[in-house]
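**Student:** With the sequence up front, the predicted model follows.
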There are 4 protein chains.
Amino acid sequence: MLKNWLYHQFDQNHWNSKGISLLNMLSIFFILAAVILQILETEQTIYEPNKNLFYWADWVLAIIFTLEFSLRLWSYGLNPQYKGIRGRLRYLKKPRNIIDIITLIPFYATLGSSSWLWLRSLRALRVFSLIRHRVLMSAFRLLYKAVSSRKTELLVTLILALTMLFTSATFLYLIERNVQPETFGSIPRALWWSIATLTTVGYGDVTPITALGKFVAGITALIGLALVAMPTGILAAAFSNEFQKRREEKERVKENCLTDVY
Amino acid sequence: MLKNWLYHQFDQNHWNSKGISLLNMLSIFFILAAVILQILETEQTIYEPNKNLFYWADWVLAIIFTLEFSLRLWSYGLNPQYKGIRGRLRYLKKPRNIIDIITLIPFYATLGSSSWLWLRSLRALRVFSLIRHRVLMSAFRLLYKAVSSRKTELLVTLILALTMLFTSATFLYLIERNVQPETFGSIPRALWWSIATLTTVGYGDVTPITALGKFVAGITALIGLALVAMPTGILAAAFSNEFQKRREEKERVKENCLTDVY
Amino acid sequence: MLKNWLYHQFDQNHWNSKGISLLNMLSIFFILAAVILQILETEQTIYEPNKNLFYWADWVLAIIFTLEFSLRLWSYGLNPQYKGIRGRLRYLKKPRNIIDIITLIPFYATLGSSSWLWLRSLRALRVFSLIRHRVLMSAFRLLYKAVSSRKTELLVTLILALTMLFTSATFLYLIERNVQPETFGSIPRALWWSIATLTTVGYGDVTPITALGKFVAGITALIGLALVAMPTGILAAAFSNEFQKRREEKERVKENCLTDVY
Amino acid sequence: MLKNWLYHQFDQNHWNSKGISLLNMLSIFFILAAVILQILETEQTIYEPNKNLFYWADWVLAIIFTLEFSLRLWSYGLNPQYKGIRGRLRYLKKPRNIIDIITLIPFYATLGSSSWLWLRSLRALRVFSLIRHRVLMSAFRLLYKAVSSRKTELLVTLILALTMLFTSATFLYLIERNVQPETFGSIPRALWWSIATLTTVGYGDVTPITALGKFVAGITALIGLALVAMPTGILAAAFSNEFQKRREEKERVKENCLTDVY
């Protein structure tokens, strides 16, 4: 009974109702909680006064994740594919379970200690298990298909962007290197300004001060707009095509249904 | 006569001519005036020398809004749906009237005093009654439909954006925490830089100073472009589909009309 | 002979070859030269050492524009529409000639003096006569049609943007007014930060310093992305529709031609 | 044998397999290496301690590029078009070989010396030989076709942008020239602020400080959004059309194939 209930709760593909099952909802909640805790832990003004809270939260989350993993492993025996010990081993080889194991190890290894940060940050990998949800996967695949269908065009845009990046950096290096040697004294240094301008981020920590430098910088900023517009335009067209394809497919399915009726 | 005139003035759905009726125009004007007054009131250099003006404007607006509300309530008796006291009560239950009542209460409660700011800012809710206009509602619905038709794709983009946000913040925290402990000393602090960079806002109050930090920041800025391009592309495709649907519907209606003629 | 040559040179509609006629080319060149001179004149480090040059350039341009205007007026007598003195007066009433006269008056009135700046800046209106060119007009009309076909949707986006602008300014005013009274001490002051953030300009002269303020600012920046994406998406879809319409029209014309042949 | 292998390696058009041949891969790698070396050379903190490394890398790259060029010239004799000395001379006249020769000369002329920077930077031209690759060329042509098919619309956008640029600069010059003569004392100076705002770069090194100046700047920033949205929308529509054309062409080809079968 319990095993059956657990299995239907864990396995999203066998979950009939729309939306996410209660247990998966809880799982997502605890994963997000673990990530947020880990982020807050790095802030000393939050961590120091609540050391105990973080210590216990770590333990509680470790127990919850272990429990969830064990129960899932147990209940998946109901799936004929993963029956018995050999089936369980097959189940463990699925990417999401490898991620789960990888993220459980640092949980135990660093339990209650805030050192070993690199190992601990592996826990954050758990976030990717959120993407397993069916509807998200479908949207994710659509985005991926749209992007990859235009990957050569996007690559050409990137090449143009990099060419612009180095050209404008070289120009400003030649113009401003004597006036501002600290920030424009070499092409790698000028690149910092160049990337901030072409992406329209514009930190403003480094700006040209000569008239000629400002003139070239102004043209660079205008070209930066084109660099933003190109990939956006390509992606918009790719998404448009992809959405239209889906729509046409649906209509074809509908038409076929109508034809079957007559 | 007056009741009839008022009713046709107030009820946009029974207003035959294109555009907005005179009374609704006045209503929009006074709502905007009330919002602008409330904004200016917070600026001491404007408020102090004109205290009396603000005091009287408050009173005048309170009387106007009360009058408008009472007259509307009275004239809506002409609508068979809202006839009699029971009909009026039914009318009062409509969302727009609930907003009107909620925004009238703080008007009286805080009349002539500039304290109770939280209560007073509820008045600004009146702005939303501007959206009731038919043409705006139609455009608003179209935008809403386009956005909600692609909500899973937009959600995936948001998840990607948040992942990038935390990843870049973590990287810069690890790289710059010893050099700039004040601004990169924890992941939550690094997030402030991270969000300013990925959204291409680029305040420049916090920037990496190490070479490695600048390198990672440059890549983050380039990825930021992609984060801007993705939702724009999705929305462009969604709007394009939605506009095409409307066009096809219109053409279908036209074709049907032509068929009817023959 | 000369009159005929001049007429065909001036009248772009009767200019058979592709591109711009020699005289119109010269006209565009001198208009741009006048605008650039006027801009450079305001810079004292350029104006002071070249005072004589600016003085003579002013005279030369005044003579050229007067000559161009007189010759055009004279040669247009060849157009039966504008024959005789009455025809010439009719010609003078065309918008472009009214602009020409308006821009010639300040030329004479301020000749050789750098005061009366407001009157002098009227000269820059001449730039708009550049748009008269046929191909540009056609492209300009297409852009105008695309934008105006979606004006309600763009208006709704603007309303959403203004709502966000005031909401975020109000929030930051409430959060930061005690910490930074100079820059967040009133809603109008907070609006300066708000508009720089939502448009992703991000000057960085004003930024929140409290944790809560930074949190709200981060969310504002993310919403700013949506505000950039919405109008871009709407315009992309509108341009796409408009381009498609043109294409379909061309194809219909082609099909009709083919039908006529059979 | 070797000549034949070399020829098929060098000539991408006669390279049957998908992807890039081994020798071209190596060529791309060394070109990128040469560009990166040249960028790093300008940074004294990197150049000074590794002077010998840069010296030898220069020599090695010069030998590699000479070898690659000679071997290609020799092996192209297999192409009947370029047979014999006259054929070779004809081959040398192709744009890519002229670039190669131009980029080889500064290599020898400045070998081992870091002066003559202008001559040396000609080496970077080699990067453009990367674009020769077939798939990239096809994507590049598509982008070019899309952009050039809408060049008048983009030109009109640019004219609108420049008009806005000068108008906003003039306004801020008139408003702020007395308060901030250093940064807004002339229209050319105000243009620096204007371009940073309209492109949404927003360095923040120059910002208006008067209330009126901030008001005009805010409106400028909002119009800046439109200036970003317009070209993006045009490009998105142009790419969409271009992609659709390709798709329709492919479908037509498919249909023709099917028709041939029946």
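**Tutor:** Okay, I see it.
**Student:** how much space between the nearest residue in space to A:Gly77 that is not next to it in sequence and A:Pro188?
**Tutor:** Among residues not flanking A:Gly77 along the chain, A:Lys83 sits closest, at 5.7 Å (Cβ to Cβ, 6 or more residues apart in numbering or on different chains). In short, each C-beta sits where N, CA and C put it, glycine included. From A:Lys83 over to A:Pro188 the distance is 59 Å, taken as Cβ to Cβ, to the nearest Å.
**Student:** and the two? which has more neighbours close in?
**Tutor:** Per other Cβ atoms under 10 Å in any protein chain shown, whichever of A:Lys83 and A:Pro188 has more neighbours is A:Pro188, with 20 against 14.
**Student:** Not counting its neighbours along the chain, what's nearest the more buried one?
**Tutor:** Closest to A:Pro188 by Cβ to Cβ, 6+ apart is D:Glu43, at 5.0 Å.
**Student:** What of A:Thr199?
**Tutor:** B:Ala221 (4.2 Å).
**Student:** Would the helix or strand hosting A:Arg141 count as contacting chain C?
**Tutor:** Taking DSSP states H and E as the definition, one finds A:Arg141 inside helix A:134-149. No - Helix A:134-149 stays clear of chain C (Cβ under 8 Å from any Cβ of the partner chain), getting no nearer than 14.7 Å.
**Student:** from the chain's centre, how far out does the strand or helix carrying A:Ile102 sit?
**Tutor:** For A:Ile102, the element it lies in under DSSP H and E is helix A:95-109. Distance, stretch centre to chain centre, for helix A:95-109: 18 Å (Cα atoms, centre = their mean, to the nearest Å).
**Student:** Quick check: buried residues in it?
**Tutor:** A:Asn97, A:Ile99, A:Asp100, A:Thr103, A:Leu104, A:Pro106, A:Phe107 (16 or more other Cβ atoms under 10 Å in any protein chain shown).
**Student:** Greatest separation within these: which pair is it?
**Tutor:** Greatest spatial distance in those: A:Asn97 and A:Pro106, 16.0 Å, computed using Cβ to Cβ.
**Student:** what pLDDT does A:Thr200 get?
**Tutor:** Per-residue confidence (pLDDT) for A:Thr200: 90.
**Student:** phi, psi of it?
**Tutor:** phi 60, psi 20 (degrees, to the nearest 10).
**Student:** give me every residue that touches it.
**Tutor:** For A:Thr200, the contacting residues are A:Ala221, A:Gly224, A:Leu225, A:Val228, B:Thr200, B:Gly202, C:Thr200, D:Thr199, D:Thr200, D:Val201, by Cβ atoms under 8 Å, 6 or more residues apart in numbering or on different chains.
**Student:** Neighbours of A:Phe166, how many?
**Tutor:** 20.
**Student:** my guess is it meets A:Pro188, correct?
**Tutor:** No - A:Phe166 sits out of contact with A:Pro188 when judged by Cβ atoms under 8 Å, with a separation of 10.4 Å.
**Student:** Now do the shared contacts for the two.
**Tutor:** Common neighbours of A:Phe166 and A:Pro188 (Cβ under 8 Å, 6+ apart) are D:Ile39.
**Student:** ok, the helix holding A:Ile102 near chain B or not?
**Tutor:** No - counting by Cβ under 8 Å from any Cβ, no contacts exist between helix A:95-109 and chain B, the nearest distance being 14.4 Å.
**Student:** quick check: mean pLDDT across that helix?
**Tutor:** 77.
**Student:** Check which helices and strands it sits against.
**Tutor:** helix A:51-75, helix A:84-92, helix A:117-120 (3 or more Cβ pairs under 8 Å, 6 or more residues apart in numbering or on different chains; DSSP states H and E).
**Student:** re earlier: dump the buried residues of helix A:95-109 into CSV; add distance to C:Phe184 as well.
**Tutor:** As requested, those are arranged in CSV below (distance: Cβ to Cβ, whole Å):
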residue, distance to C:Phe184
A:Asn97, 50
A:Ile99, 44
A:Asp100, 46
A:Thr103, 42
A:Leu104, 46
A:Pro106, 42
A:Phe107, 43
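**Student:** Show me which of those residues is closest to chain D.
**Tutor:** A:Ile99 (31.8 Å; Cβ to the nearest Cβ).
**Student:** Distance check, that closest one against A:Leu37.
**Tutor:** 19 Å.
**Student:** pull the helix or strand with minimum mean pLDDT from chain A.
**Tutor:** Within chain A, no helix or strand scores below helix A:117-120, which has a mean of 64 by mean pLDDT, DSSP states H and E.
**Student:** report the angle between the axes of the one helix or strand A:Ala169 maps to and helix A:134-149?
**Tutor:** Using DSSP H and E, A:Ala169 sits in helix A:151-176. Here helix A:151-176 runs at an angle of 70 degrees relative to helix A:134-149 (axes from the mean of the first three to the mean of the last three Cα atoms, to 10 degrees).
**Student:** Mind listing what's buried along helix A:151-176?
**Tutor:** By neighbour count on 16+ other Cβ under 10 Å, the buried set for helix A:151-176 is A:152-154, A:156-157, A:159-161, A:164-166, A:168-176.
**Student:** Run the chain-centre distance for the following helix or strand past that helix.
**Tutor:** Next helix or strand after helix A:151-176 toward the C-terminus (DSSP H and E): helix A:181-184. In terms of Cα atoms, centre = their mean, the centre of helix A:181-184 is found 35 Å from the chain centre.
**Student:** And the contacts of helix A:181-184?
**Tutor:** Contacts of helix A:181-184 (Cβ under 8 Å, 6+ apart): A:Leu172, A:Tyr173, A:Ile175, A:Glu176, A:Arg177, A:Arg189, A:Ala190, A:Trp192, A:Trp193, A:Val206, A:Pro208.
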